[in-house]
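Colleague: I'd like to go over a predicted model; first the sequence, then the structure.
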Amino acid sequence: MTIRTKLLIVLLLLSVGVMATAGIFFTFTIDRFLQDRILHELETQAAEFDYIVRSGTFDGEPSYHHLQALARAANIRLTLIDSAGTVIFESDLSPEDLPKIENHLDRPEVQAAMRTDSGTDARVSATVHKEMLYLARRIREPVSTASAYSHTALLRVGIPLTQVSDLKREVKVIVVWSSAGVLVLIIVVTIIVSGRLARPIHNMARIADEIRRGNLDQRIPIRSRDEFGRLGQSLNAMIDKLNEDIVRLKKLERVRTEFLGNVSHELRTPIFAIQGMLETLLQGAIDDPNVSRDFAERALTNTQRLNALLADLIEISRIESGDMKMSFRYFPIKDFLVSIVASMVLLAEQKQITLRLHPDTIESDVLGDKERLKQVMINLIDNAIKYTPAGGSVTVVAAASNNGVRVSVQDSGVGISAEHLPRIFERFYRVDKERSRDAGGTGLGLAIVKHIVEAHGSKVEVQSALAQGSVFSFVLRT
Ligand code: ADP
């Protein structure tokens, strides 16, 4: 069942209930009111005729016709009864018919009036055969003896209830019709209002359904600033967020597969080389001592490359999965750099490159993870040596900077052109693939450097000019 139908049913039940109660109460009140009015009217008439009958008005006593005319003018039926119950006047009949009327002593209103001075009753009259409401009243003071009605003991006025019931019926018809009108109005208004209320909910349900099916282009139309409007806005924001997340996830997925592809490719090259060399050896080269040694050495170089690649891969996956635990401590930067430079001087000399620590290097304590920073420095110095031709120089320096100590590795090497600069920190990105491989590079060195330096809240900066050299630097907190 839709919300709209539910609303309609509830409102209809409610209004039918309210109107039925109001209708019953209203008809009841009208009944009471009419009854009271009629009784009051009858009492007034009775009092007037009492007076007329007792005193005799106009010129002398009231004649039969005179009384009859007065009763008709007042739109009532007037009956005078003597103490024995005999009707001595009846406005609806002529004097000749009077003897035919039965004794009225047994009439309930007459009985009541005898007992308590006045009484009422409503019934179908035996005399005039209409439904009548009667009020009988005892005449207390004796009527003047000259009057024709001097022996009147009781006066009775009556009016036909047909008038009253007609009026009641009219009132009921009005009540029923106006109720029906109001009901129709309520149905129409409810249909319109419930439609308006239900529309935004309906929209949201539809769009939620679309989203479930994976269609994230849908947005809920916002037409109001009420709760529905706000709900719609929140849902739209949620859909936006979902969209963003999906885009991010897709990108991550792409990066992952790309990385996997790169890794396989990087692994394949040395493995193929080793395989080729071993096959050549087995095909007979193993018996030639000169050739076999050369092949074995080249196979070893390739296993070393494989080893370096795997070491870097393990490192980068540890870093990127968030498993890298850093332990920050203060340590003297100069001592640290002295020992690293000392450990790499031999490597530099083999390539006829001068590696030195700048004499102005400051002696200051810096905050960082010494082991990780050692790896950073080795990678940077190793690169500087790799990409600097023989006869060149590599200088390491630490200098005060406005927010700590800036550590730099400067070389007089090949340099990096501006187009490549923004990408050299990407995994497996190399400006010159052959050169990198020949020099034993894995293509992961700078990616590792970037991660570690960023974990220190810093950033690697590069300045480079082709054929002039490069400077890689970062700042450590003191
Ligand atoms: P690789 O193992 O190839 O050296 P890196 O991530 O360490 O990988 O460096 C990425 C690329 O950046 C290198 O292939 C090289 O082209 C360039 N590069 C890095 N350091 C230097 C440098 N000091 N001088 C010139 N080029 C460099």
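Modeller: Here it is on my side, so go on. Just so you know, these numbers come straight off a predicted model, no measurement behind them.
Colleague: For Q68, give me its contacts.
Modeller: Q68 makes contact with S91 under the criterion CB atoms under 8 Å, 6 or more residues apart in numbering. Where C-beta positions appear, they are placed from N, C-alpha and C, glycine not excepted.
Colleague: Up against the ligand, what does the stretch 201-350 of the chain have?
Modeller: When proximity is defined by CB under 6 Å from any ligand atom, the stretch 201-350 of the chain lies next to the ligand nowhere.
Colleague: burial of the residue of the stretch 201-350 of the chain found nearest the ligand, as a residue count?
Modeller: When CB to the nearest ligand atom is the measure, the stretch 201-350 of the chain has its nearest residue to the ligand at D312, with 8.1 Å between them. Neighbour count for D312, taken as other CB atoms under 10 Å: 20.
Colleague: Name the helix or strand for it, please.
Modeller: helix 289-320 (DSSP states H and E).
Colleague: State the mean pLDDT of that helix.
Modeller: Mean pLDDT, computed over helix 289-320, is 90.
Colleague: Not counting sequence-adjacent ones, nearest residue to V193?
Modeller: Residue nearest to V193 in three dimensions, not counting chain neighbours: L7, with 7.8 Å by CB to CB, 6 or more residues apart in numbering.
Colleague: thinking again about what came up before, list the helices and strands the helix or strand just after the helix holding D312 packs on?
Modeller: If you walk from helix 289-320 toward the C-terminus, the next helix or strand you reach (DSSP H and E) is strand 329-332. Counting contacts by 3 or more CB pairs under 8 Å, 6 or more residues apart in numbering; DSSP states H and E, strand 329-332 is packed against strand 365-368.
Colleague: can you give me the strands for the stretch 101-250 of the chain?
Modeller: In order along the chain, the stretch 101-250 of the chain carries the following strands (DSSP state E, counting those that start in this stretch): 118-124, 131-138, 152-160.
Colleague: Which neighbouring elements make contact with the second one?
Modeller: Just to be clear, that refers to strand 131-138. Other helices and strands packing on strand 131-138, by 3+ CB pairs under 8 Å, 6+ apart, are helix 3-55, helix 108-116, strand 118-124, strand 152-160, helix 161-212.
Colleague: give me that answer again for 10 Å
Modeller: Counting contacts by 3 or more CB pairs under 10 Å, 6 or more residues apart in numbering; DSSP states H and E, the secondary-structure elements packed against strand 131-138 are helix 3-55, strand 77-82, helix 108-116, strand 118-124, strand 152-160, helix 161-212.
Colleague: Send me the helix or strand just after the first one as CSV with only the CA atoms.
Modeller: By that I understand helix 3-55. Beyond helix 3-55 on the C-terminal side, the first helix or strand identified by DSSP H and E is helix 64-73. Presented in CSV, the C-alpha positions along helix 64-73 are these (Å, rounded to 0.1, in the frame of the first residue of the first chain):
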residue,chain,number,x,y,z
TYR,A,64,-67.0,29.9,19.8
HIS,A,65,-66.1,31.3,16.4
HIS,A,66,-64.2,34.1,17.9
LEU,A,67,-62.0,31.6,19.8
GLN,A,68,-61.8,29.4,16.8
ALA,A,69,-60.5,32.3,14.7
LEU,A,70,-57.9,33.2,17.4
ALA,A,71,-56.6,29.6,17.6
ARG,A,72,-56.3,29.3,13.8
ALA,A,73,-54.6,32.7,13.7
